[in-house]
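# here are the coordinates; sequence isn't available:
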């Protein structure tokens, strides 16, 4: 059963559903909404940005509106979806601290694993969600946003604990990484140098590199990974040529993107596209 909240004054949308909501993704397409997929008692098989992916039981996957999703199988799941008009991740980041960890991390797909104690907490939170969706009054929207904030905060905390991220109250290395990741998400199509992002963060490129080294990250690699991911998405899901994609991602010379892509995937964009066609 799908529960839907719509706020016509703001165009806000918030949905809670189950596996039937994934049937429209039998063919790969962009999520278009922020999405959480919670595998309850069995694994859920998906393809995300052309890569096969399995959500283990008792785990939650977080996806952004720009990611491509295909549903391959699995039942007994809960799905939460919302748009920026319902809950703006960027505007609320000061309170939930999820940008660059839960969303737009640019390194991997975030997976939240729930032990028995956490399963009970999330089950209780889900019941409150459903109760609020069935209670229509003038504070319903605010209550639902508060619950989503709680859901995001809990999920972000679990991810940080999983990665053993220890934060100081201010200016932590992980906050710097989060800010860098989100800046990359905003500017990777036009800005490819570490110096640009360092200036935005009021740091030197060397300072960024030194800080990220302690978190097993490289600023330049984060930028390159995001460029390669976008190239793969466009090669898989559009009919653009390698030259058109290079231009879209800010490369005047397509050979520069080709070298970067080949270094990461061992194939040129053209060869990658050819392999896609032969594998279908």
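Okay, I see it. On a predicted model such as this, the values are computed, not experimentally measured, just so you know. Numbers count the residues shown, from 1 in each chain.
# Low-confidence stretches in the stretch 151-280 of the chain?
For the stretch 151-280 of the chain, applying pLDDT under 70 flags the ranges 163-174, 215, 279-280.
# Now with 90, please.
Filtered on pLDDT under 90, the stretch 151-280 of the chain yields the residue ranges 153, 156-183, 185-186, 210-218, 222, 225, 229, 233, 236-239, 270-280.
# Run through the helices of it in chain order.
Assigned by DSSP state H, counting those that start in this stretch, the stretch 151-280 of the chain shows helices spanning 173-187, 194-200, 205-213, 219-237, 242-248, 254-265, 269-279.
# doesn't residue 242 make contact with residue 270?
Yes - the pair residue 270 and residue 242 qualifies as a contact (Cβ atoms under 8 Å) at a distance of 5.3 Å. (Each C-beta comes from the backbone N, C-alpha and C, glycine too.)
# Residue 48: which of the helices of the stretch 151-280 of the chain is closest?
Closest approach to residue 48 among the helices of the stretch 151-280 of the chain (Cβ to Cβ): helix 219-237, 10.5 Å.
# what angle separates that closest one from helix 205-213?
On the basis of axes from the mean of the first three to the mean of the last three Cα atoms, to 10 degrees, helix 219-237 is oriented at 70 degrees to helix 205-213.
# so helix 219-237 versus helix 173-187, what angle?
Relative orientation of helix 219-237 and helix 173-187, computed by the same axes, to 10 degrees: 40 degrees.
# I'd like to know which elements helix 219-237 is packed against.
Applying 3 or more Cβ pairs under 8 Å, 6 or more residues apart in numbering; DSSP states H and E, we find helix 219-237 packed against strand 68-73, helix 173-187, helix 194-200, helix 205-213, helix 242-248, helix 254-265, helix 269-279.
# where are the low-confidence patches of the stretch 1-150 of the chain?
Checking the stretch 1-150 of the chain against pLDDT under 90 turns up 1-2, 7-11, 30, 48-51, 64-68, 84-85, 87-111, 135-139.
# Strands of that one, residue ranges please.
For the stretch 1-150 of the chain, the strands defined by DSSP state E, counting those that start in this stretch occupy 3-7, 12-17, 29-30, 34-39, 44-48, 51-55, 59-63, 68-73, 77-82, 111-113.
# just to revisit the earlier point, which residues are in contact with each of residue 270 and residue 242?
residue 258 (Cβ atoms under 8 Å, 6 or more residues apart in numbering).
# Out of the strands of the stretch 1-150 of the chain, which is closest to residue 233?
Set against residue 233 and scored by Cβ to Cβ, the strands of the stretch 1-150 of the chain come closest in strand 68-73, at 6.3 Å.
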